[in-house]
Structure formats: C-alpha cells, structure tokens
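Engineer: Test case, fold it:
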Amino acid sequence: MAGRIEDYALIGDMQTAALVCRDGTVDWLCLPRFDSHAIFAGLLGTEEHGFWRIGPAHASDAPPPAATRRGYRGDSLVLESEWDTGRGTVRVTDFMPPRDGAPQLIRIVEGVSGRVPMRSTLRMRFSYGRVVPWVHKHEGRTVAVAGPDSVWFDTSADTYGKSLTTYSDFTVAPGDRIAFTLSWQPSHKEPPALPEPEHSLEATEDFWREWVEHCTYHGPYREAVVRSLITLKALTYAPTGGIVAAPTTSLPEDIGGVRNWDYRYTWLRDAAITLSSLLRTGYREEARAWREWLLRAVAGDPENLQIMYGIAGERELGEAELDWLPGYENSAPVRVGNGAAHQLQLDVYGEVTEALHLAHMTGLARNDYASLLQLKLIRYLEKHWQEPDEGIWEVRGPRRHFVHSKVMAWVAVDRTIKLIESGDAHGPLEQWKGLRDDIHRDVCEKGYDKERNTFTQSYGSKELDASLLLIPQMGFLPPDDKRVIGTIEAIQRELSTPDGFILRYPTEGADEGVDGLPGDEGAFLACSFWMADDLAMIGRVDEARRLFEKLLSLRNDLGLLAEEWDPVGQRQVGNFPQAFSHVPLIDTALRLTASGAYGG
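Structural biologist: Next comes the predicted model:
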C-alpha cells in the first residue's frame with residue numbers, strides 16, 4: 001500500500017516530477033512530461049503497478065523501514081533521506097537535474113557510518129502499470145522498452161533480474177557513494193548519454209540556489225514562502241511556461257470516494273494566481289513565460305476560452321478511467337484527462353485579466369497582443385456575463401448564477417478600464433464603466449441575503465461558498481463594508497470545521513450535492529488561507545495570524561501541502577503538492593508581514 005499523502009516528497013526537473021515516500025520508494029513518475037503515462041503508478045495501486053525503492057535491506061515479510069530523518073538540501077529540490085540502523089547510518093540523495101538532454105532521476109547512496117546492507121528494487125511498469133516492458137542489456141547498460149518509450153538504468157552496482165524486477169544488493173561503508181540513474185529516451189532513438197551523477201548533483205544545487213536568490217521576500221515566514229515558491233517553480237513546464245495544478249492524478253478528496261481528478265494540466269485560474277505570487281516575490285521571467293504561453297494557448301479564439309489546457313496549450317483533454325488501477329486507498333475511479341476542460345467558468349476571465357493587470361503594474365514589458373486579448377475577453381463578457389456557469393469549483397451539477405463568477409466578471413471589466421485609463425489600450429471607456437456598474441448592482445441585488453447579512457453561493461440560494469471571501473481581496477467591496485464582514489462571519493459559522501479550517505461549500509454525504517457528486521470532502525486549504533487574509537483585512541490581525549500559523553502546521557515535514565485537509569482523519573487529501581494551496585500561503589504571508597501581524 002502507498003504511504004499517506006503527506007509521507008511523500010517532491011522532486012522534479014520542471015518538466016515532470018516524482019514522489020518519494022519516507023521509506024525510499026518512488027511511487028509516482030510520469031515520463032517525459034507531467035501528463036505522460038506513469039512508469040511508476042504504485043501510488044494509485046500496488047507494487048505490481050510500478051515502483052523503485054532504495055533503502056536498508058530488510059526481511060521480505062516486513063515493511064520497509066521509514067527514513068529516520070529527511071529534508072531538502074538547503075533551498076533546493078534535492079532530497080536527502082537518512083536511515084539509522086543497527087549496523088550504521090546511510091544517506092540517499094534523490095533529485096532530477098534540470099534538463100540538458102534526456103530526463104533523469106538520480107539516486108546516490110552514501111555510507112555515513114558502519115557498514116549498511118542496502119537493496120535497490122526497481123519494477124518498471126509502463127502505461128500506468130498496465131504494460132510490462134522488455135528489459136535487457138545493451139552494451140553493458142540495462143534498458144526497458146515498451147512501444148515508444150525506453151528507460152535506461154545505469155549504476156556501478158551489480159544487478160540481477162527476478163520476477164520481472166531488477167534488484168541490486170550491496171553494502172556501503174563511510175565514504176562510499178554509489179549512484180543509480182534512470183534516463184528516458186524515445187525507443188527509436190540512440191541510447192541517451194551516460195549519466196554523470198556527481199556533476200548533475202552540483203549543477204542542480206547551483207540552479208536552485210541561484211533561482212532562490214531572486215526572491216524579494218525577507219519576512220518572518222521566509223522558510224515557508226521559499227519552499228512554496230520552489231514548489232511552484234517545480235510545477236512549471238519549462239519549455240512552454242505552462243503551470244500544472246499538481247503533478248498527480250486521482251489522489252482523492254474523499255478517501256474511498258469518487259472525487260478523484262487529473263490535475264496535470266494548466267488551469268487558467270491556478271496559473272494566473274501562481275503568476276501573481278511569483279510577480280509579488282520578484283520572479284518576472286516566469287510571469288513573462290506564462291503570458292507567452294497564455295497568448296499561444298488562447299491564440300485568436302478568446303470567445304472559446306477554455307478553463308484549462310495542456311501544458312503546451314493542447315485543447316483536447318478527454319477524460320478516461322483506468323479500470324486496472326484500484327486507486328489510492330481504493331478510491332476509484334482513477335481518471336486521466338479532465339472532462340471539465342470545456343465547462344463555462346466565467347470567473348477565469350477575471351483571473352486572467354487580473355494577472356495581466358498585475359504584470360502590467362509591476363513593469364513587465366508591454367505586449368500589444370496581451371492588451372488586445374484583454375479587450376477581446378471583455379467584449380465576450382459583455383455578451384455573456386449574465387449567463388449561468390459551472391463556477392470556480394467546476395460543479396458537475398446544473399449551471400447556476402454563481403456570485404463569485406459574477407464578481408470576477410466585474411474584476412475583468414474593472415482591470416480593463418484601468419488599462420484603458422493608463423493609455424496603454426483603447427476601448428469604449430464610458431460603455432464599459434456602465435457595464436462595470438451593471439454587474440456590481442446585479443451582484444449586490446441578487447447575490448446578497450439581507451436577512452442573514454451575507455452573500456450567497458449563487459443567486460437565490462441559501463448556501464454559502466468560501467469563494468465569497470475573495471470579494472474584498474478583489475476590491476469589489478471595501479473590507480469594512482457591513483456586507484463583507486457579515487459574509488466572513490457567516491462563513492466562519494457555517495463552513496468551518498471544528499479545527500477552524502474552511503470548507504468550500506456544503507456537501508451532502510451519500511446524496512448528490514450542489515456539485516453533482518456524492519460524498520464529502522476535507523477543508524479546502526486555499527479557502528482557509530483566504531479566511532486568514534480577510535480577517536487581517538477587517539482588522540482581526542491576531543486571529544488571522546493564529547489561523548495562518550495553524551495552517552502552516554498542516555504542512556508535511558518538508559513544507560508541502562495537498563489540496564485539502566481531512567479534519568476527521570487528520571491527514572492531507574487531494575492531489576499533491578497543490579499549487580492552489582501554496583499560492584495563497586505566499587499571499588497570506590505577504591499580507592501579514594505587511595501588516596506586522598506575526599509573532600516573535
């Protein structure tokens with residue numbers, strides 16, 4: 001069985017990523033891209049679906065021992081895991097060097113003290129665990145081939161095959177360093193170059209050290225902010241600038257349930273808010289690359305704007321179920337692709353426009369087509385903002401007039417008006433000021449419950465929705481407006497868990513809720529950070545700080561967060577690590593630092 005979600009570490013090369021468990025098992029790796037088929041899919045099944053473990057040798061009928069301690073080497077994505085055993089101490093260093101050729105996963109075993117017997121167990125299964133590759137020797141190297149893919153395994157240690165698995169048994173003493181490398185290559189091409197593990201380790205450390213030096217945040221939460229920034233960088237697909245929501249698929253929001261989705265794509269919403277956080281912490285190059293990705297993905301067709309695209313801008317993300325995988329802790333179905341790609345979600349127009357506005361305000365070089373795109377988006381909204389949609393949470397129930405969607409439509413118009421007023425674009429200024437007023441009036445009349453003094457999830461509904469917390473953050477109403485304060489307090493009353501974290505919206509257990517799905521889910525971490533932001537904005541800064549620091553305590557030992565927190569199981573749930581959790585962590589840290597609302 002796979003480990004708990006928080007037991008995993010992330011390593012990656014900004015084109016794909018692997019998850020490494022505490023016991024030294026790589027249970028998830030897609031090659032060559034984030035959205036490629038997995039060669040290790042044990043995370044969503046069993047060891048029969050592919051894994052690679054390196055750790056101290058242990059009895060076959062005993063579980064592999066967890067590392068005694070682990071951590072990233074400084075501000076990098078180089079993972080170090082150490083085991084203290086009865087025979088000594090051993091260290092395993094795992095990393096994926098930024099690419100200069102074939103993608104590589106490198107694992108270096110180092111003796112620290114004593115003499116420790118070790119074992120590498122490599123079971124490659126292509127196509128998400130369904131295909132057993134042909135493994136053979138080629139000029140002294142081990143290669144696994146299946147269809148278009150080949151994976152090359154290089155090590156100085158002796159290896160042997162047994163039960164369709166490649167093993168290596170060896171012993172390390174102090175000073176010994178034994179490297180193992182997996183390299184992917186299209187099967188019709190020549191073998192990849194022989195790896196240089198020690199050189200690659202040095203280059204990887206240098207890359208991350210130099211990248212982190214550009215961070216402009218130096219406040220009290222720097223450790224958490226930097227780790228989140230590194231995670232966001234790792235979720236960026238370097239060749240195009242696209243940003244995946246998470247490197248995994250089908251890690252459940254409800255353990256044992258059906259709320260399992262593929263997040264290995266670029267959501268405009270997630271990418272836009274990621275861009276905002278990067279800009280606010282000094283990373284303009286990533287912002288420029290994402291803007292270029294956006295312009296290519298949307299191309300000349302903003303009227304058919306999708307909510308998500310492939311990492312190279314692909315439009316077709318057809319959803320399918322992998323019925324041979326039982327799912328993480330039997331959470332089925334396992335899905336690849338995402339059928340929500342063609343939903344109507346009016347809020348994305350606001351998120352994209354806000355990101356472009358922030359890029360403009362922070363001095364990113366002007367792009368005339370970006371301004372033209374912004375104007376085209378508003379012309380579309382002018383005709384369609386009054387339509388119901390699926391909303392920010394991608395409900396699979398009927399469309400509704402979601403309040404958050406209308407607020408973000410207002411944001412799109414408001415930011416475009418500011419662009420025109422700055423003289424960097426031309427448009428019907430007075431006409432769009434009238435449109436902005438119309439949307440604002442519509443929301444305040446139809447999306448506000450006067451009796452309860454709160455905005456509601458959708459027009460005419462009684463349900464609340466945590467996305468309403470963005471109303472003051474987007475400038476739709478000032479923080480001291482009684483309707484804003486009333487909404488914040490209503491969400492605290494009705495959508496809080498006993499721990500004080502925030503649910504997205506009410507769910508109905510076994511019955512279908514507003515999202516068209518059975519089952520419940522955990523507290524949505526982004527929403528809980530939004531609550532901390534709002535509390536700070538309305539002057540309750542001590543309460544905001546306490547909530548923020550409580551949220552920081554939910555991170556795993558490496559500073560990583562999944563999508564949600566299960567308040568019953570006291571564990572992380574959902575895809576991991578999740579950009580939509582790490583972005584608001586950064587934003588809240590910046591807000592609290594600016595307000596002086598932090599301890600110590």
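Engineer: which residue ranges form the helices in the stretch 101-250 of the chain?
Structural biologist: In the stretch 101-250 of the chain, the helices defined using DSSP state H, counting those that start in this stretch lie at 126-129, 197-212, 222-234.
Engineer: out of those helices, nearest to Asp424?
Structural biologist: helix 222-234 (27.7 Å; Cβ to Cβ). Heads up, the C-betas are built off the backbone N, CA and C, glycines and all.
Engineer: So what's the residue count around Glu319?
Structural biologist: 14 (other Cβ atoms under 10 Å).
Engineer: pretty sure it contacts Pro333?
Structural biologist: No. With contact defined as Cβ atoms under 8 Å, Glu319 does not reach Pro333; the gap is 9.9 Å.
Engineer: Check which helix or strand the residue nearest to Ala355 when sequence neighbours are not counted maps to.
Structural biologist: The spatially closest residue to Ala355, leaving aside those adjacent along the chain, is Ala272, at 3.8 Å (Cβ to Cβ, 6 or more residues apart in numbering). Following DSSP states H and E, one finds Ala272 within helix 268-280.
Engineer: Would you tell me what the next helix or strand after that helix is?
Structural biologist: Immediately after helix 268-280, counting by DSSP H and E, sits helix 284-298.
Engineer: picking that back up, buried ones in the helix holding Ala272?
Structural biologist: Across helix 268-280, burial judged by 16 or more other Cβ atoms under 10 Å covers Leu268, Arg269, Asp270, Ala271, Ala272, Ile273, Thr274, Leu275, Ser276, Ser277, Leu278, Leu279.
Engineer: of the residues you listed, closest to Thr248?
Structural biologist: Nearest member of those to Thr248, counting by Cβ to Cβ, is Asp270, at 14.1 Å.
Engineer: Mind checking the pLDDT average for whatever helix or strand Ile491 lives in?
Structural biologist: For Ile491, the host element (DSSP H and E) is helix 482-494. For helix 482-494, mean pLDDT rounds to 97.
Engineer: again, but for stretch 563-582
Structural biologist: Stretch 563-582 comes out at a mean pLDDT of 95.
Engineer: From the chain's centroid, how far away is it?
Structural biologist: 11 Å (Cα atoms, centre = their mean, to the nearest Å).
Engineer: same check, this time on stretch 184-193
Structural biologist: Relative to its chain's centre, stretch 184-193 lies at 30 Å (Cα atoms, centre = their mean).
Engineer: and what of stretch 366-376?
Structural biologist: Distance, centroid of stretch 366-376 to centroid of chain: 27 Å (Cα atoms, centre = their mean).
Engineer: where does this protein have low pLDDT?
Structural biologist: For the chain, the stretches with pLDDT under 70 are 1, 300, 508-520, 597-600.
Engineer: so Ala359 touches Arg291, yeah?
Structural biologist: Yes. Checked against Cβ under 8 Å, the pair Ala359 and Arg291 is within contact range at 6.2 Å.
Engineer: hey, what's in contact with both of the two?
Structural biologist: Leu275, Ala370 (Cβ atoms under 8 Å, 6 or more residues apart in numbering).
Engineer: Report all helices and strands that the helix holding Ala272 contacts.
Structural biologist: Counting contacts by 3 or more Cβ pairs under 8 Å, 6 or more residues apart in numbering; DSSP states H and E, helix 268-280 packs against helix 222-234, strand 242-243, helix 284-298, helix 347-361, helix 579-595.
Engineer: Could you tell me the angle between it and helix 579-595?
Structural biologist: With axes from the mean of the first three to the mean of the last three Cα atoms, to 10 degrees defining the directions, helix 268-280 sits at 40 degrees from helix 579-595.
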